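Trainee: Have a look at this fold, sequence not included:
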């Protein structure tokens, strides 16, 4: 019974990616949601992400016809 108790957390799986949002909505959730979530999902804090977007805009990059620059960057980092 000790082995079963010890191994139980390994088998009790909980879904991690539970957001019903996709695309731009997901990026907005990362930007305006819990501050640590952006770091968990994309590996950088919100101010760094925003600065990187500004730098990319500064070198001439921008949104495509259907995808914002923020969403493109999030896809690249994910």
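Mentor: Okay, I see it. None of the values given here were measured: they were computed from a predicted structure.

Trainee: gap between the spatially most central residue of the chain and residue 30?
Mentor: With distances taken as Cα atoms, centre = their mean, residue 41 lies nearest the centre of the chain, 3.6 Å away. Distance of residue 41 to residue 30, computed by Cβ to Cβ, to the nearest Å: 6 Å. Every C-beta, even on glycine, is put in place using the N, C-alpha and C of the backbone.

Trainee: Just the buried positions in the biggest helix by length in the chain, please.
Mentor: Counting residues, the longest helix found in the chain (DSSP state H) is helix 46-58. For helix 46-58, a neighbour-count test (16 or more other Cβ atoms under 10 Å) marks 46, 49, 53 as buried.

Trainee: now stretch 64-77
Mentor: 68, 69, 70, 71, 72, 73, 74.

Trainee: Also stretch 22-30?
Mentor: Judged by neighbour count (16+ other Cβ under 10 Å), stretch 22-30 contains these buried residues: 26, 27, 29, 30.

Trainee: what's the answer for stretch 34-43, then?
Mentor: Going by neighbour count (16+ other Cβ under 10 Å), the buried part of stretch 34-43 is 38, 41, 42.

Trainee: Which ones among the residues you listed lie within helices?
Mentor: Judged by DSSP H, helices contain the following of the buried residues of stretch 34-43: 38, 41, 42.

Trainee: what about this structure, any weak spots by pLDDT?
Mentor: Low-confidence segments of the chain (pLDDT under 70): 1-17.

Trainee: One more pass at 90, please.
Mentor: Along the chain, the model assigns pLDDT under 90 to residues 1-23, 33-35.

Trainee: which stretches of it form helices?
Mentor: According to DSSP H, the helices that the chain contains are 2-11, 23-32, 35-42, 46-58, 69-77.

Trainee: hang on, the earlier thing: thought residue 78 was touching the residue nearest to the centre of the chain, still the case?
Mentor: Yes - judged on Cβ atoms under 8 Å, residue 41 makes contact with residue 78 at a distance of 6.7 Å.

Trainee: quick one: the residue nearest to the centre of the chain from residue 59, how far?
Mentor: Counting by Cβ to Cβ, the gap from residue 41 to residue 59 is 25 Å.
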